[in-house]
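[1] dropping the sequence and predicted coords here.
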Amino acid sequence: MRGLFVTGTDTDCGKTRVAVALLHALRDSGLRVAPFKPVAAGATRGDQGLCNEDALQLIAAAGGGWPYRNVNPYCLEAAVSPHLAAREEGVSIESGPIRDAFQALLANADIVLAEGAGGWMAPLREDWCIEDLALELDLPVVLVIGLRLGCLNHARLSASRIQTSGASLAGWIGSVVDPDMQRLEENVTSLKALIDVPCLGVLPHLDPMDTGAGNLDAAGLQSILR
Ligand SMILES: Nc1ncnc2c1ncn2[C@@H]1O[C@H](COP(=O)(O)OP(=O)(O)OP(=O)(O)O)[C@@H](O)[C@H]1O
Ligand SMILES: [Mg+2]
């Protein structure tokens, strides 16, 4: 096991929240876990150049000290689809630098926890998307399901596409993005019946300071890492 690839049912579905929870839970189990956000769109310029908030959150959750440009080799400024931001900014997103950054992280870690961008089919170039990246990295996939109205359809579509792509869908994690979601428990029960891989936890709507690690199924997580 070299890592996990966190994808989601959509943008803003809770991937970073879940990745932060996973980083804490995996570190608590004694693993050295490197954070990885291979492609990010939406960044601010500071002393160290462009930095993306997701990447910074992942670095903090991984205990700090990870070189930013390895964690986030492609950092685009515009907060739009990565393929559009890259085109506007004169960047071609290629697998080589992503693979190199991944190997550099892995040299100092037991596993790498990668967060995608957007959902499973989000384009990184016209001819290359998150699915292609995840397949190239050859990591088991964790699907984050943003718990809100419409999530059953998004979850089923995403899970079935991930599985037919040839990637290994290891499990799913729900995240209560909408604190007022109606029939939350019934939806979670339906997801457990409809998605044929284990539920590794459901993050309730969390306070900002709560990592969410305690809401993950530690035993389930260990079993997918074997
Ligand atoms: N379980 C939760 N409890 C509280 N807030 C949440 C939860 N899940 C997601 N959010 C909030 O919803 C927003 C989107 O979540 P998050 O940034 O994790 O999504 P994402 O899928 O990583 O988005 P992106 O596609 O931009 O990477 C954030 O403001 C986040 O704090
Ligand atoms: Mg994110």
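    Received, thanks. Ligands and ions are numbered 1, 2, ... in the order given.

[2] end-to-end on stretch 142-153?
    This stretch, stretch 142-153, spans 17 Å end to end (C-alpha to C-alpha, to the nearest Å).

[3] that stretch near ligand 2 at all?
    No: Stretch 142-153 does not reach ligand 2 (C-beta under 5 Å from the ion); its nearest approach is 9.2 Å. Where C-beta positions appear, they are placed from N, C-alpha and C, glycine not excepted.

[4] can you give me the buried ones in that stretch?
    Of all the residues in stretch 142-153, those buried under the rule 16 or more other C-beta atoms under 10 Å are 142-148, 151.

[5] redo those as CSV? Include secondary structure and pLDDT.
    Converted to CSV, the buried residues of stretch 142-153 look like this (DSSP: H, G, I helix; E, B strand; the rest coil; pLDDT from 0 to 100):
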residue, secondary structure, pLDDT
142, strand, 98
143, strand, 98
144, strand, 99
145, strand, 98
146, strand, 98
147, coil, 98
148, coil, 98
151, helix, 98
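
[6] ok, so of those residues, who is nearest ligand 2?
    Closest approach to ligand 2 among the buried residues of stretch 142-153 (C-beta to the ion): residue 144, at 9.2 Å.

[7] spit out the contact partners of that closest one.
    6-9, 13-15, 18, 172-175 (C-beta atoms under 8 Å, 6 or more residues apart in numbering).

[8] check the buried residues of stretch 142-153 and tell me the two furthest apart.
    Using C-beta to C-beta, the pair of the buried residues of stretch 142-153 lying farthest apart is 142 and 148, separated by 18.7 Å.

[9] quick check: residues of the chain near ligand 1?
    Within the chain, the positions adjacent to ligand 1 are 8, 11-17, 54, 118, 175-177, 203, 205-206 by C-beta under 6 Å from any ligand atom.

[10] can you name the residue of this protein nearest ligand 2?
    Here the chain gets closest to ligand 2 at one residue, residue 16, 3.4 Å apart by C-beta to the ion.

[11] what is the burial count for residue 188?
    17 (other C-beta atoms under 10 Å).

[12] which element is residue 104 on?
    helix 95-106 (DSSP states H and E).

[13] run through who's touching the next helix or strand after that helix.
    Later in the chain than helix 95-106, the nearest helix or strand by DSSP H and E is strand 111-115. With contacts defined as C-beta under 8 Å, 6+ apart, strand 111-115 is touched by 1-6, 15-16, 19, 22-23, 26, 31-38, 54, 58, 62, 102, 105-106, 137, 139, 225.

[14] all helices of this protein, in order?
    15-28, 53-61, 68-71, 82-88, 95-106, 130-137, 151-165, 184-194, 218-225 (DSSP state H).

[15] which residues touch residue 226?
    Per C-beta under 8 Å, 6+ apart, neighbours of residue 226: residue 1.

[16] change the start of the numbering to 11 and stick with it
    Right, with 11 as the first residue, what we last looked at is residue 236.

[17] give me the nearest residue to the residue of the chain closest to ligand 2, chain neighbours excluded.
    residue 64 (4.8 Å; C-beta to C-beta, 6 or more residues apart in numbering).

[18] got it, and residue 41?
    Using C-beta to C-beta, 6+ apart and skipping the chain neighbours, the partner closest in space to residue 41 is residue 120 (4.6 Å).

[19] and what of residue 133?
    residue 93 (4.2 Å).

[20] what is the burial count for the closest residue to residue 50 other than its chain neighbours?
    Distances taken as C-beta to C-beta, 6+ apart put residue 62 closest to residue 50, at 3.6 Å, once the chain neighbours are dropped. Number of residues near residue 62 (other C-beta under 10 Å) recorded here: 24.
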